[in-house]
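*Asks:* Quick one, structure for this:
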Amino acid sequence: MDKKNQNKECIIEIKNLKKEYKMYKDKKSRLIEAVAPFYKNHTTFSAIDNLNLEIHKGEVVGILGKNGAGKSTLLKMITGVVTPTSGEINVNGKISSLLELGAAFNQDLTGEENIYQHGQVMGLSKEEIEATKQNIIDFADIGEHLYQPVKTYSSGMFARLAFACAINVNPDILIVDEVLSVGDIAFQLKCFKKFEQFKEKGKTILFVTHNVTDIIRNCNRAVVISNGNKIFDGEVKEGVDKYKKLIVGIENENKSLEKIETNIKTEKNDKKENNGDLWKSKVKENTDMLTYGNGDAEIIDYGIFNEDGEIEQTINNENEYTVKVKIKFNKEIYEPIFAMSLKDFKGLELCGCNTKAYKVLTGTYKKDDIAIVEFKQTFPLAPEKYVFSFGCTTINQNGDLEVFDRKYDAFFIEIVAHRECLGIIDLKTNISVAKE
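*Replies:* Residues are numbered from 1 along each chain as shown. Below you'll find the predicted structure:
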């Protein structure tokens with residue numbers, strides 16, 4: 001938990017929370033136990049196991065975890081949809097949930113009638129519902145369908161009305177579970193604008209998604225859940241790194257925690273690494289980089305070079321540079337994937353590429369072979385400091401991503417420019433003005 005939030009009002013307090021489900025091998029086993037309750041014929045699945053968590057007023061908390069980790073179960077217990085097996089959940093404020101849109105809707109009622117029903121479920125008075133009704137109608141924008149039974153709606157219209165009801169009740173706490181992108185593009189834009197307004201008003205938001213970019217952009221705290229247990233609670237960037245390791249099955253951490261025209265080439269080099277003249281000794285290497293993988297291949301060197309072959313620490317966003325990576329193989333590997341990406345200091349991945357995406361054949365490497373990979377391109381980004389990351393992976397026979405070595409946030413680079421840039425990307429626009 002972030003120390004700066006310790007003195008803020010605790011709006012959600014979770015103590016020793018557990019949720020267990022009975023698992024039966026077939027219907028017969030379930031029936032036998034129902035008739036003879038003393039005859040135990042089930043196993044127990046623990047969806048949430050002794051979880052403790054405090055959420056403070058004004059926090060935007062991103063909850064990360066693999067499928068089946070227990071994220072949605074946790075949110076459903078906070079909203080009261082699911083009853084805990086044991087433990088306490090104390091909520092100090094009105095919750096609006098974007099978990100199962102339209103759960104409170106009656107299919108036989110019209111959209112307008114469901115606005116009133118949803119408001120009553122949320123504990124609003126008739127006057128409060130009337131005050132927000134037009135905002136809901138305008139936000140949903142489903143026209144005359146509003147006065148037709150909900151059962152006649154398309155899935156898109158249903159989602160629009162349900163989202164509009166959930167987002168326009170002025171809650172203290174907003175809970176979002178992978179449902180911000182509903183409806184067409186115009187409606188999605190309205191959803192994200194509303195989400196931003198909630199953040200600006202200092203609302204407390206719990207945000208579940210598998211999109212780490214959304215977590216980095218929107219959240220000021222990250223919680224990672226695995227097998228029903230909270231395994232991380234803290235800074236967003238560190239939490240995202242933890243999650244990335246989780247999804248590729250790295251159990252034991254080793255944490256020492258355009259013209260965009262990209263030309264990627266690979267070559268084998270039988271020479272041993274020269275430890276006395278490493279490229280990375282001449283760049284601003286990050287001592288806290290995140291390193292992990294199974295060790296079948298190892299990224300041993302990297303740097304960025306100008307057109308004269310000199311290593312640079314500051315680059316111009318108009319010039320072409322070559323990022324070089326050296327990988328040593330500790331066993332025979334067929335067609336490894338080499339990757340490079342560039343992130344800002346918040347951890348937001350801005351751009352990157354890999355040999356698989358660019359359909360570059362990389363060949364077969366035997367034990368002790370060394371590959372030199374070159375990524376040649378311009379970096380048309382706004383003047384700022386950035387950080388490079390590298391990876392050597394493969395898609396194994398089961399179709400899963402296998403990580404040999406990843407070095408996240410390996411070294412820093414500063415990009416400079418001869419002119420001001422608005423936003424992140426310098427479009428290299430030629431502007432002309434003429435008087436008629």
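
*Asks:* Now do the same for the residue most central in space within the chain: its pLDDT.
*Replies:* Note on the chain: the residue nearest the mean C-alpha position is Val212, at 1.6 Å, using C-alpha atoms, centre = their mean. In this prediction, Val212 carries a pLDDT score of 86.

*Asks:* Distance-wise, check the nearest residue to it once chain neighbours are set aside relative to Asp49.
*Replies:* Sequence neighbours aside, Val240 is the residue nearest to Val212 in space, at 4.8 Å (criterion: C-beta to C-beta, 6 or more residues apart in numbering). No exception for glycine: its C-beta is placed from N, CA and C like everyone else's. According to C-beta to C-beta, to the nearest Å, Val240 stands 23 Å off from Asp49.

*Asks:* These two - which one has more neighbours?
*Replies:* Residue environment comparison for Val240 versus Asp49 gives the larger neighbour count to Val240, 25 against 17, counting by other C-beta atoms under 10 Å.

*Asks:* List the buried residues for the helix or strand hosting the more buried one?
*Replies:* For Val240, the enclosing helix or strand under DSSP states H and E is helix 236-247. Using 16 or more other C-beta atoms under 10 Å as the test for burial, helix 236-247 gives 236-246.

*Asks:* Next one: Tyr358 from Ile370, what distance?
*Replies:* Tyr358 is 21 Å from Ile370, where distance means C-beta to C-beta.

*Asks:* Can you tell me the closest non-neighbouring residue to Lys237?
*Replies:* Leaving aside its sequence neighbours, Lys237 sits nearest to Gly347 (C-beta to C-beta, 6+ apart; 3.8 Å).

*Asks:* oh, I was asking about Leu381
*Replies:* With C-beta to C-beta, 6+ apart as the measure, Ile415 is the residue that lies nearest to Leu381, at 5.3 Å, once sequence neighbours are left out.

*Asks:* Tell me how far the helix or strand hosting the one you found lies from the chain's centre.
*Replies:* Element membership of Ile415, judged by DSSP H and E, is strand 401-416. Strand 401-416 sits 18 Å away from the centroid of its parent chain (C-alpha atoms, centre = their mean, to the nearest Å).

*Asks:* Could I get the full set of strands for the stretch 51-200 of the chain?
*Replies:* Along the stretch 51-200 of the chain, the segments classed as strands by DSSP state E, counting those that start in this stretch run 60-64, 86-91, 95-98, 173-177.

*Asks:* what would these look like in TSV with mean pLDDT, mean neighbour count and distance to Arg30?
*Replies:* As requested, the strands of the stretch 51-200 of the chain are arranged in TSV below (pLDDT from 0 to 100; neighbours: other C-beta atoms under 10 Å; distance: least, C-beta to C-beta, whole Å):
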stretch	mean pLDDT	mean neighbour count	distance to Arg30
strand 60-64	94	26	31
strand 86-91	95	14	23
strand 95-98	82	22	30
strand 173-177	86	23	28
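
*Asks:* Chain neighbours aside, what residue packs nearest to Thr364?
*Replies:* Among residues not flanking Thr364 along the chain, Tyr334 sits closest, at 4.9 Å (C-beta to C-beta, 6+ apart).

*Asks:* how much space is there between that neighbour and Asn168?
*Replies:* Counting by C-beta to C-beta, the separation of Tyr334 from Asn168 is 55 Å.

*Asks:* Between these two, point out the one with more neighbours.
*Replies:* When Tyr334 and Asn168 are compared on other C-beta under 10 Å, the one with more neighbours turns out to be Asn168, at 22 against 9.

*Asks:* So Ala104 sits against Gly119, correct?
*Replies:* No. The pair formed by Ala104 and Gly119 falls short of the contact definition of C-beta atoms under 8 Å, at 9.5 Å.

*Asks:* Between these two, which is the more surrounded one?
*Replies:* Of the pair Ala104 and Gly119, Gly119 is the one with more neighbours under other C-beta under 10 Å, namely 23 against 17.

*Asks:* before we move on, the earlier item: what angle sits between the helix holding Val240 and strand 60-64?
*Replies:* Angle between the axes of helix 236-247 and strand 60-64 is 10 degrees (criterion: axes from the mean of the first three to the mean of the last three C-alpha atoms, to 10 degrees).

*Asks:* how far does helix 236-247 sit from the chain's center?
*Replies:* With C-alpha atoms, centre = their mean as the basis, the mean position of helix 236-247 lies at 9 Å from the chain mean.

*Asks:* Next, the angle from that helix to strand 401-416.
*Replies:* Interaxial angle of helix 236-247 relative to strand 401-416 (the same axes, to 10 degrees): 150 degrees.

*Asks:* Pull out the CA atoms of helix 236-247 and give them to me as CSV.
*Replies:* Provided in CSV are the C-alpha atoms of helix 236-247 (Å, rounded to 0.1, in the frame of the first residue of the first chain):
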residue,chain,number,x,y,z
VAL,A,236,1.6,0.6,-10.7
LYS,A,237,4.8,0.1,-12.7
GLU,A,238,6.1,-2.6,-10.3
GLY,A,239,2.7,-4.3,-10.2
VAL,A,240,2.5,-4.4,-14.0
ASP,A,241,6.0,-6.0,-14.1
LYS,A,242,4.9,-8.6,-11.5
TYR,A,243,1.8,-9.4,-13.6
LYS,A,244,3.8,-9.8,-16.8
LYS,A,245,6.0,-12.4,-15.1
LEU,A,246,2.9,-14.1,-13.8
ILE,A,247,1.3,-14.5,-17.2
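
*Asks:* so how far does stretch 360-370 reach from one end to the other?
*Replies:* Stretch 360-370 has an end-to-end distance of 17 Å (criterion: C-alpha to C-alpha, to the nearest Å).

*Asks:* do stretch 362-381 as well
*Replies:* Counting by C-alpha to C-alpha, the length from the leading to the trailing residue of stretch 362-381 is 29 Å.

*Asks:* can you check stretch 140-159 too?
*Replies:* With C-alpha to C-alpha applied, stretch 140-159 spans 9 Å between its terminal residues.

*Asks:* quick one: buried residues of that stretch?
*Replies:* Taking 16+ other C-beta under 10 Å as the criterion, stretch 140-159 shows 140, 142, 145-146, 150, 153, 157-159 as buried.

*Asks:* Gly352 reaches Met340, doesn't it?
*Replies:* Yes. Between Gly352 and Met340 a contact is recorded at 5.9 Å, counting by C-beta under 8 Å.

*Asks:* quick one: which of those two has more around it?
*Replies:* Legend: neighbour count by other C-beta under 10 Å for Gly352 and Met340, higher for Met340 (24 against 17).

*Asks:* Nice, that's everything, thank you.
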